[in-house]
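Engineer: Please work out how this folds:
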Amino acid sequence: MSIRFIDLHSHSTASDGSDSPAELVRKAAAAKLAAIALTDHDTTSGLGEAVREGRQHGLEVIRGCELGVRCEHGELHILGLWLPEGEDGPTALDATLAQLRDHRAARNRRIAAQLRQCGVDIEYAEVEAISGGESVSRLHFARILHQKGYVPTPQEAFARYIGPGGRAYVAKETLSPADGVRLLHSVGATVSLAHPMLFRYPGNGFAEWLDDTVADLKRHGLDAIEAYHSEHSQADTRRCVDMAARHGLALTGGSDYHGAGKPGISLGRGRGGLRVTTAVLDDLKERRRRQGLPV
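Structural biologist: As a prediction, this is how the structure comes out:
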């Protein structure tokens, strides 16, 4: 039997990706992936479309999302996989995501105002118009800044204007890591710490801090660590695998595909030849079965 591959971290136009949920699923099917998780930032609005398209193509689509949470040293990202459909009405997750989007919208308007103070000709309505979804992000600001010629690349927009230390940066309101993990755990999701080796820890002591953080989050419902990621080196991946083993956690992996917003990252392949096999998915499903959770 040939080895098949999956991608458990991807983004669509429901947040800051450039492909619609249906387009993303069609690309996954064309790449002959066995399964894909749609994990848009702070929204589940694209999941219905993605699941329906997956049925058309015989592709397993896992309902997910990605939460940005804030700790004492900066922002971490938490993935929730196998989110419920909320057939009996909005879940606690839906309500919290709506609040986070409200906070994000207020922050975005402040960013637009500060950009105007910097001499940038921009209106928030322009950013909303190109987002195409509920979750407007700084990546949409970066695209406009690039399109209008204020920066040579979208990435430069973060360094010059909208990233930490930039002239128009505004911090966003977020959950704590423990609250984010508890929230996703409460609705029956498999909860994974996303790309931990990309966290920018100030000074020395990162390994000890991360180990302590993982131990603490496990108490609140953390199930897994995203070891396989486009921007993890081989050494990073090994450290994540070792850390997961020490704490009795599963492994997840994905490309973190955004389409045009992150050039060089392919769905299912990531950057640098990343491949995640179905063995990772099988292990996650077996863990869910042992927890009495649906797959």
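
Engineer: So Arg239: helix, strand or coil?
Structural biologist: Three-state assignment for Arg239 (DSSP: H, G, I helix; E, B strand; the rest coil): helix.

Engineer: for this protein, what spans make up the strands?
Structural biologist: With strands called from DSSP state E, the chain shows them at 5-7, 35-38, 60-71, 74-81, 190-193, 224-229, 250-254, 276-277.

Engineer: Tell me which of the ones you listed sits most buried.
Structural biologist: strand 190-193 (a mean of 29; mean count of other Cβ atoms under 10 Å). In short, each C-beta sits where N, CA and C put it, glycine included.

Engineer: Tell me which residues are up against that one.
Structural biologist: Strand 190-193 is contacted by residues 76-82, 181, 184-185, 214, 217, 221-226, 250, 252, 284, 287-288, 293 when judged by Cβ atoms under 8 Å, 6 or more residues apart in numbering.

Engineer: what's the spacing between Leu67 and Ser176?
Structural biologist: To Ser176, Leu67 is 11 Å away according to Cβ to Cβ, to the nearest Å.

Engineer: got it, and Ala260?
Structural biologist: Distance, Ala260 to Ser176, using Cβ to Cβ: 33 Å.

Engineer: go on, Asp223?
Structural biologist: Between Asp223 and Ser176 the computed distance is 18 Å (Cβ to Cβ).

Engineer: Would you reformat the strands of the chain as TSV and include distance to Trp209?
Structural biologist: Below are these laid out as TSV (distance: least, Cβ to Cβ, whole Å):
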stretch	distance to Trp209
strand 5-7	29
strand 35-38	28
strand 60-71	9
strand 74-81	11
strand 190-193	13
strand 224-229	15
strand 250-254	21
strand 276-277	27
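
Engineer: Look at Ala260 and Ser176 and report which has more neighbours.
Structural biologist: Neighbours around Ala260 and Ser176, counted as other Cβ atoms under 10 Å, are more numerous at Ser176. The numbers are 14 against 11.

Engineer: contacting residues around the more buried one?
Structural biologist: 69-71.

Engineer: Point out where the stretch 101-250 of the chain drops to low pLDDT.
Structural biologist: By pLDDT under 70, the low-scoring segments of the stretch 101-250 of the chain are 132-135.

Engineer: doesn't Ala142 make contact with Asp16?
Structural biologist: No. Counting by Cβ atoms under 8 Å, Asp16 sits too far from Ala142 to count as a contact (9.4 Å).

Engineer: Report the contact partners of Ala112.
Structural biologist: Counting by Cβ under 8 Å, 6+ apart, Ala112 makes contact with 122-124, 127, 141.
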